[in-house]
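Have a look at this prediction, sequence included:
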Amino acid sequence: MNVKYMYSFLAVIVLFLIAYVGTEAVGLQWLFGVLIPYVALAVFLVGFIRRVMGWARSAVPFRIPTTCGQQRTLPWIRPNRIDNPSTTGGVIARMFLEIVAFRSLFRNTRMKAKADGRITYQWEIFLWVGALAFHYAFAVVLARHLRFFLEPVPAPIKLLETVDAFFQFGLPVVYLSGVVLLIAVAYLALRRIFIPMVRYISLANDFFPLFLIFGIAFTGILMRYFSKVDILSIKALTMGLVSFSFPDTEVLKAIDGLFYGHLFFVSVLLAYFPFSKLMHMGGIFLSPTRNLPNDTRMHRHVNPWNYPVDVHTYAEYEDDFREKMVEAGLPVDKPLEPAEAEKE
Amino acid sequence: MKDLPKPKDFYSRLMHRPGSTDWMDTPVDIRKGMYCYAANPKSLNILSAPFARDWNPVEEDWKLPENWQQILHEGFKERLERFRSFKVFMDICVRCGACADKCHFFIGTGDPKNMPVLRAELLRSVYRNDFTTFGKILGRVGGARPMTLNVLKEWWYYMFQCSECRRCSVFCPYGIDTAEITIMGRELLNLLGLNIDWIATPVSNCYMTGNHLGIQPHAYKDMLDFFVDDIEEVTGVRVEPSFNRKGADILFITPSGDVFADPGTYTCMGYMMLFHYLREKYGFDITWSTYASEGGNFGFFTSHETMKRLNAKMYAEAKRLGVKWILGGECGHMWRVINQYMDTMNGPADFLEEPVSPITGTKFENAKSTKMVHIAEFTADLIRHGKLELDKSRNNHLKVTYHDSCNPARGMGLLEEPRYVIRNVCNHFYEMPENTIREQTFCCGSGAGLNAGENMELRMAGGLPRANAVKHVHEQHGVNMLACICAIDRAVFPPLMEYWVPEVGVTGLHEMVANALVMPGENKRETDLRGEPLEGMEGDTDE
Amino acid sequence: MKLIERVAAQQSAIVKKWFELVAATYPEDTARFLKSQKDPFANPVGQTTFSGLKAAFTALLEGADAQTQAEALDPIIRIRAVQAFSPGQATVFILALKPIIRETLKKELTGDSAYADLLDLESRIDEMLLIGFDIYLKCRETLFQLKVDLEKNRIYHAFERAGIVTLESEEGATPEPQ
């Protein structure tokens, strides 16, 4: 029994129950529908900024990019401008590919030796595909949700919805992103549970956000396709949240507890975000092995806290060895003292 | 005799490891053959390092100072503020596992704590406990644990089972660099005097005598004079290296290992022959230094401060001698230090000139601030301009493969220059499989100060992935020579090859250059620098 | 059908089980990596072990000479000799073949002749174990030799730096290949 994922799993179930019971039985719609989302958002914004500021406050004493290609050197040797950038443009390209295409993760190649000894390569692609699917599906789902906060719904979002509903099946029509998100998050979670090596390195903090996001996607899909919640009331609530003009309690009460569970999950995710590994979203921009050019032989990088250190100077060194140096015919800065010279 | 297991138990105990417990519950087992001896207090004292004492890693009592936890906590805090890398890497790992099987020490030893992610978690767990709110509240569930003696021992054991090769960093989606984590871990351990002797003693030697091996100036000159005789024996040409000479154009700095241990010595002879050739033909003017007689920097494996203290000699000596720029020999971590640290730490080198090859006129634009050029860059440029007369066939007895040393590959990007040189000095060159070279190169398993003798099992296990790739080209193409541009490689590959692929030798780049180089006024060469008969000359030497 | 032929017919199943048992001598998470990663360069331990076991099994069935058996076993034991295994742990996997064969051919082990064949096969496994011991010891000797050479060089050169040995004797020592 692995307590790490059981704890996380139970925590997510309990969170849902709190919101569901809290709204359906206790009638705390205002708390779960308005107050907690605001607090969560505030915690998210303040926490996120503080975290990033915290990183930014730490110095970057040295320029330590991990070089993954040929350096810029003699003019007739072609440098790898992206994987070993020597210019800001190269760094931007590297960061861009890293952030939008998870380039480093993609690098995972595997090789097989054929029976005749020849070698073939293949990509160990699952983690990369899983991670990419997860992040993009999440982004699309997030963007689609803007329709709840904007009136009229902007054209790009409508377009996105059309594309997302490309396959035109089901009623209401099925959005691809939601399904992909659910599958991807399930894959990432199962991978953590079933691959011993990954399970071994996983912490409760690794399972919790996965289960939480699974919960968010799952409750979302339930609402859209199965439970058919009162969309109009929800939109009234969400529009109220962005315009600070809250609907009546009656409207809030008309919304199913499932929605409050969903919203509470989102709130918890927001509030949890700045204190967790999810901060990799901000951290990747500040990673010194990726966001700096490999140009330290061309341009001096300045260390803000560079301090003088004790060194053993040449003069001290020569004092230690002068006699032997002279004897060996090595040049010295200070000639031997007469007394020493006599000894010879 | 009671302790002896019954036969049946004994068999099953041999066949199965005890069930795998959570890593935090698996206490560290400091094994013979895997760890290096503790630092000699004398060496630490020379450097005024704290808490120099006799202690033994396998003993229960490490004779720690009373307030050791506080020292570590404060040291940790200070480093989080000083190094954004450290702080960001403590926070953003998602434990995706992409790095797990990229580490040669994990692949070779099978010890799960050698997975880069877990190596970092050893520090992260304490970080969470000491510096994060969630860690403080959730404790163990949140992946946090307090600093205990057992944790400290674990840190020590595993921070000295990482060669800071950065291979994992290549595959990390956030660029988390375990070398950086290990560097910090070792800095913290050094606050408690917990260095290993194989690092501490070379560092104190280097500090006092100018090189890791503690070769005193006259002995350094003696060694090179001895090479002069050897070179004369093979080529009939007497080269004349100069030392500590003021007013020379260029200062040459190379790792002292090449002056001292085979087969690096042949690489050293290679440099001497190249410089002599250039002097005879083009009036090239270069000097060696006995003070800055070490390119390598084991301070880098101790702390940033120690690295700076040792590195300072390079610019100081260049300034004293009044040279125009510095040429650096073949070395791995030396070049990471020069490329990514030297100018920042000990620069600006405004007393030097922007390096220009006096022979080809090539401006080394990429080194215009540090004013230090890699000899592979320098030689590649010479060859490109047709300035060297080379007889490739003299290396026909060699079937060569090339090992990218970790630091020039992943801390610099020096990939094509050495290959260009190799292709121009020998006829038989074969690459190892793609995911074992260039930026994906596998470490020799003995880098970052782990090339001691007592941890031979660790070195052999860590070097297995590299040796395995060499074995592949040996079997496929008959490769019999492993070329490299790193002095540690040259020191550690011979035993590694002897254990895994005994038929393969080890050479530096400039040994091959020198073998091919047609020196003015030389005798007809019958052997290479090692005294091995050249192809077609086998009969002649018998006469 | 003779027992040995039946064993040969089950070759791939037996080797697979054998490999899994060897992998199980590593920690669980490592074992999974050894079994799943097929890239011989990313996973030299797993792949070397697998191909070594296959070769050793073939050698056993064919009654190959000690040399051939040693060539098959060497790569596996060479690896185990530098990992954290005791001599017993490093070589016991050879012995593990016995229960695997007995288990796999349980139903077919009827009649005296089958048992006689089995005893014969198991004796061959015993012999193989001895070959394994030899290899293990040779590997360890090589390791110790490497350590001794290193120490020797270090001490020798320390003497040399201290000026205790002269250049004359150095001439003989330095070119000696390591």
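Everything's here; your move.

got a list of what the residue of the stretch 201-344 of chain A found nearest chain C touches?
Closest contact between the stretch 201-344 of chain A and chain C, by CB to the nearest CB, is at residue A:201 (8.2 Å). The way it works is simple: take the backbone N, C-alpha and C, and place the C-beta from them, glycine included. Residues in contact with residue A:201, defined by CB atoms under 8 Å, 6 or more residues apart in numbering or on different chains, are B:23, B:95, B:97, B:100, B:115, B:117, B:118, B:121.

May I ask which of these has the most neighbours?
Each of those was scored for neighbours by other CB atoms under 10 Å in any protein chain shown, and residue B:115 scores highest at 30 neighbours.

who are the neighbours in contact with it?
Neighbour list for residue B:115: A:197, A:201, B:97, B:99, B:100, B:101, B:103, B:106 [criterion: CB under 8 Å, 6+ apart].

what's the most distant pair in the contacts of residue A:201?
B:23 and B:97 (13.6 Å; CB to CB).

mind checking the SS state of residue B:69?
helix (DSSP: H, G, I helix; E, B strand; the rest coil).

Do you know the pLDDT at the closest residue in space to it that isn't next to it in sequence?
Leaving aside its sequence neighbours, residue B:69 sits nearest to residue B:147 (CB to CB, 6 or more residues apart in numbering or on different chains; 5.2 Å). You'll see residue B:147 listed with a pLDDT of 95.

who's in contact with residue B:147?
Contacts of residue B:147 (CB under 8 Å, 6+ apart): B:69, B:72, B:73, B:126, B:129, B:130.

how many neighbours does the first one have?
Looking back up the chat, that one is residue B:69. 19.

Repeat that for the fifth one.
Here the neighbour count serves as a burial measure; for residue B:129 (other CB under 10 Å) it reads 21.

helices or strands next to the helix or strand hosting it in the packing?
Using DSSP states H and E, residue B:129 maps to helix B:116-131. Secondary-structure packing of helix B:116-131 (3 or more CB pairs under 8 Å, 6 or more residues apart in numbering or on different chains; DSSP states H and E): helix A:196-201, helix B:68-82, helix B:84-92, helix B:133-138, helix B:149-159, helix B:178-191.

would a markdown table of the contacts of residue B:115 with pLDDT be doable?
As requested, those are exported to a markdown table (pLDDT from 0 to 100):
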| residue | pLDDT |
| --- | --- |
| A:197 | 77 |
| A:201 | 88 |
| B:97 | 86 |
| B:99 | 89 |
| B:100 | 83 |
| B:101 | 82 |
| B:103 | 91 |
| B:106 | 89 |
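
ranges for the strands of the stretch 101-250 of chain A?
Secondary structure of the stretch 101-250 of chain A (DSSP state E, counting those that start in this stretch): strands at A:109-113, A:119-123.

Quickly, which of those strands bottoms out on average pLDDT?
Among these, strand A:119-123 scores lowest, with a mean of 54.

Let me know how buried residue B:149 is, in neighbour terms.
13.

hmm, I was thinking of residue B:26
Other residues close to residue B:26 by other CB under 10 Å number 14.

Can you give me the distance of it to residue B:359?
Residue B:26 is 59 Å from residue B:359, where distance means CB to CB, to the nearest Å.

What residue in the stretch 51-200 of chain A comes nearest to chain B?
residue A:71 (3.2 Å).

ok but that residue is inside a helix, no?
No. Assigned with three-state DSSP, residue A:71 falls outside any helix and is coil.

how about residue B:527, phi and psi?
When read as degrees, to the nearest 10, the backbone of residue B:527 gives phi -130, psi 170.

which residues does it bridge with?
Following DSSP bridges, residue B:527 is listed with bridge partners residue B:533.

Would you check that residue A:266 makes contact with residue A:213?
No. Using CB atoms under 8 Å as the test, residue A:266 is too far from residue A:213 to be in contact (9.7 Å).

coming back round to it: output the contacts of residue B:147 as a markdown table; include the columns pLDDT.
Listed next are the contacts of residue B:147 as a markdown table, based on pLDDT from 0 to 100:
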| residue | pLDDT |
| --- | --- |
| B:69 | 96 |
| B:72 | 97 |
| B:73 | 97 |
| B:126 | 96 |
| B:129 | 95 |
| B:130 | 95 |
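
which one of those is nearest chain A?
Of these, the one sitting nearest to chain A (CB to the nearest CB) turns out to be residue B:129, at 12.8 Å.

if I pick that closest one, what's in contact with it?
Going by CB under 8 Å, 6+ apart, the list of residues near residue B:129 reads B:135, B:136, B:139, B:144, B:145, B:146, B:147.

and with 10 Å instead?
B:73, B:135-136, B:138-140, B:142-147, B:151 (CB atoms under 10 Å, 6 or more residues apart in numbering or on different chains).

Assign the nearest residue to it once chain neighbours are set aside to helix, strand or coil.
Distances taken as CB to CB, 6+ apart place residue B:144 nearest to residue B:129, at 3.9 Å, with adjacent residues excluded. Under three-state DSSP, residue B:144 falls in the coil class.

burial count for residue B:144?
By other CB under 10 Å, neighbour count at residue B:144 equals 24.

Does it touch residue B:90 like I think?
No. With contacts counted by CB atoms under 10 Å, residue B:144 stays clear of residue B:90, the gap being 11.9 Å.

would you turn the contacts of residue B:115 into JSON lines with distance to residue A:260 and secondary structure?
What follows is these, written out as JSON lines (distance: CB to CB, whole Å; DSSP: H, G, I helix; E, B strand; the rest coil):
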{"residue": "A:197", "distance to residue A:260": "39", "secondary structure": "helix"}
{"residue": "A:201", "distance to residue A:260": "35", "secondary structure": "helix"}
{"residue": "B:97", "distance to residue A:260": "35", "secondary structure": "coil"}
{"residue": "B:99", "distance to residue A:260": "40", "secondary structure": "coil"}
{"residue": "B:100", "distance to residue A:260": "40", "secondary structure": "helix"}
{"residue": "B:101", "distance to residue A:260": "44", "secondary structure": "helix"}
{"residue": "B:103", "distance to residue A:260": "46", "secondary structure": "coil"}
{"residue": "B:106", "distance to residue A:260": "46", "secondary structure": "helix"}
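
Before we go further, residue B:251 is sitting in a strand, right?
Yes. Assigned with three-state DSSP, residue B:251 falls within a strand.

leaving aside the residues next to it on the chain, what's closest to residue B:363?
Residue B:363 sits nearest to residue B:356 (CB to CB, 6+ apart), 5.2 Å away.

pLDDT score assigned to the one you found?
So, for residue B:356, pLDDT stands at 96.

OK, contacts around residue B:217?
Listed by CB under 10 Å, 6+ apart, the contact set of residue B:217 reads A:317-318, A:320-322, A:324-325, A:327-328, A:330, A:332, B:209-211, B:243-244, B:289-291, B:293.

Mind doing that once more with 6 Å?
By CB atoms under 6 Å, 6 or more residues apart in numbering or on different chains, the contact list for residue B:217 reads A:321, A:325, A:330, B:290.

Restricted to helices, list those residues.
A:321, A:325 (DSSP state H).

So for residue C:97, what's the nearest residue that isn't a sequence neighbour?
residue C:125 (5.4 Å).

can you count the residues close to the one you found?
For residue C:125, using other CB under 10 Å, the count is 15.

Do I have it right that it meets residue C:96?
No. Between residue C:125 and residue C:96 there is no contact under CB atoms under 6 Å: 9.4 Å.

Which residues of the stretch 1-150 of chain A lie near chain B?
Applying CB under 6 Å from any CB of the partner chain, one finds that the stretch 1-150 of chain A approaches chain B through A:7, A:55, A:58-60, A:62-64, A:66-68, A:70-74, A:77, A:84, A:102, A:104-105, A:107, A:109, A:111, A:117, A:119.
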